[in-house]
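Enquirer: Take this sequence and fold it.
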Amino acid sequence: MIDLQLKAKAAVQAHHFHPWVFSQGILPHATEPQSGEVVRVFDDTGQFVAYAHYSQKSKIALRLLAWNESEVIDVDWYLHRIAQSIQLRLPKSKLKPKQATRLVYSESDRLPGLIVDAFGTYLVVQILSAGMERVRDMIFDHLTQLLKPDGILELSDAEVRKLEGLEPRVVWQTGADPGETVIVENGVTFTLNLTEGQKTGFYLDQTRNRATVASYTKDKDVLDAFCYSGGFGLHALKAGAKSVRFLDNSQSALEILKNNLSLNGVSPDEVSIDQGDVFQALRKYRDAARSFDVIILDPPKFAPTHASLNHASRAYKDINLWAMKLLRPDGILATFSCSGALDQESFLRIIQYAAMDAGRDVQILERLSQAPDHPVRLAFPESDYLKGFILRIR
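Expert: Residues are numbered from 1 along each chain as shown. I've put the predicted structure just below:
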């Protein structure tokens with residue numbers, strides 16, 4: 001096993017369990033490990049820090065795995081970690097029909113570069129790092145033996161794979177594509193196309209938030225902006241919303257929405273469905289003198305990196321400002337950001353600036369985060385990516 005030594009500043013973070021070390025944090029070394037190889041990591045004084053996966057291509061050169069030098073990073077180590085993560089969500093390690101759950105959440109479960117989601121009796125797996133790529137066959141074999149799924153879809157097509165020097169891969173490793181999979185969340189039924197869905201097919205991180213936001217919608221006129229397949233709006237309908245208007249730029253997402261409406265006994269004629277750019281649509285609603293009691297803003301990731309923060313901040317301010325202008329007095333704004341590069345307090349400042357420009361007085365009613373199956377690791381603030389607020393707009 002190859003030994004690598006860290007510079008002093010990088011070693012401090014690594015000793016405190018942050019799972020990433022960037023390439024510039026590593027001291028020069030005589031032997032270059034292969035991508036995905038397990039290496040031993042030492043600090044600048046020669047003290048052991050951790051075992052890690054090494055990447056030749058990525059700026060994140062080390063993804064730390066275990067901080068106890070007595071651990072052995074072998075097949076049993078991976079099997080134990082995977083089983084442990086799954087049992088925290090599924091104590092009996094048994095998949096449940098129509099239930100969707102994140103089973104393994106990468107760095108938060110000390111399995112960097114591995115994400116496993118369950119959608120009923122099917123699994124969707126993302127392998128995002130060179131280290132996990134090297135043990136991918138073992139991962140699929142273990143998941144098959146442990147959970148006995150009807151099929152495993154490998155959906156390894158995220159941009160981060162390119163940074164690791166890996167090609168995208170979307171393939172059914174076991175079983176066959178069922179076409180459509182049905183899940184039930186908080187009493188609301190959804191149909192998913194696992195192969196074509198965004199991320200791993202459904203936004204599991206918003207499971208609790210959809211129910212929370214719905215509790216504010218009874219007898220209200222609701223706008224679900226960036227609605228995708230209608231998660232928030234369908235929950236609002238179930239909660240007794242007076243009306244729901246769905247808005248998204250994706251025609252394919254709105255087709256899924258229509259299927260979901262039918263599954264829940266709602267005719268598309270009973271709601272309003274608008275396809276278009278949300279930024280432009282909010283302005284058009286204002287020009288047409290439309291107003292709402294509740295607006296939900298759940299946009300895609302505007303700030304994937306720190307370099308895009310300025311542009312993203314302007315985008316977040318714009319949509320929140322126009323939403324505030326569209327809300328009736330004492331209306332409710334549920335607004336979210338899934339940009340890991342944007343922390344909660346910065347997001348809140350953006351909302352404050354939007355409120356000032358909109359001339360509205362705002363109360364914070366609730367602060368929201370990701371669902372419990374997406375745990376936040378304190379040593380890894382990057383895992384705390386989803387932040388949201390439920391606001392009363394005076």
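Enquirer: Which stretches in the stretch 1-150 of the chain count as helices?
Expert: With helices called from DSSP state H, counting those that start in this stretch, the stretch 1-150 of the chain shows them at 8-15, 75-89, 130-134, 136-147.
Enquirer: Dump those into a markdown table; add distance to Arg360, mean pLDDT and mean neighbour count as well.
Expert: (Glycine included, C-beta is placed from N, CA and C.) Output for the helices of the stretch 1-150 of the chain, formatted as a markdown table (distance: least, Cβ to Cβ, whole Å; pLDDT from 0 to 100; neighbours: other Cβ atoms under 10 Å):
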| stretch | distance to Arg360 | mean pLDDT | mean neighbour count |
| --- | --- | --- | --- |
| helix 8-15 | 41 | 97 | 17 |
| helix 75-89 | 40 | 96 | 16 |
| helix 130-134 | 47 | 97 | 23 |
| helix 136-147 | 49 | 97 | 16 |
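Enquirer: export these to JSON lines and tack on distance to Tyr203?
Expert: Formatted as JSON lines, the helices of the stretch 1-150 of the chain follow (distance: least, Cβ to Cβ, whole Å):
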{"stretch": "helix 8-15", "distance to Tyr203": "30"}
{"stretch": "helix 75-89", "distance to Tyr203": "17"}
{"stretch": "helix 130-134", "distance to Tyr203": "23"}
{"stretch": "helix 136-147", "distance to Tyr203": "22"}
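Enquirer: closest to Gly230 out of the ones you listed?
Expert: helix 75-89 (25.1 Å; Cβ to Cβ).
Enquirer: Can you list the helices and strands that that closest one packs against?
Expert: Secondary-structure packing of helix 75-89 (3 or more Cβ pairs under 8 Å, 6 or more residues apart in numbering; DSSP states H and E): strand 100-105, strand 114-119, helix 136-147.
Enquirer: I'd like the ones you listed as TSV, with distance to Val39 appended.
Expert: TSV is the format used below for these (distance: least, Cβ to Cβ, whole Å):
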stretch	distance to Val39
strand 100-105	23
strand 114-119	18
helix 136-147	19
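Enquirer: Would you mind saying which of those lies nearest Leu326?
Expert: Leu326 sits nearest to strand 100-105 of all the helices and strands packed on helix 75-89, at 31.6 Å, using Cβ to Cβ.
Enquirer: give the contact list for Gly25.
Expert: Counting by Cβ atoms under 8 Å, 6 or more residues apart in numbering, Gly25 makes contact with Leu6, Lys7, Lys9, Ala10, Ala11, Ala61.
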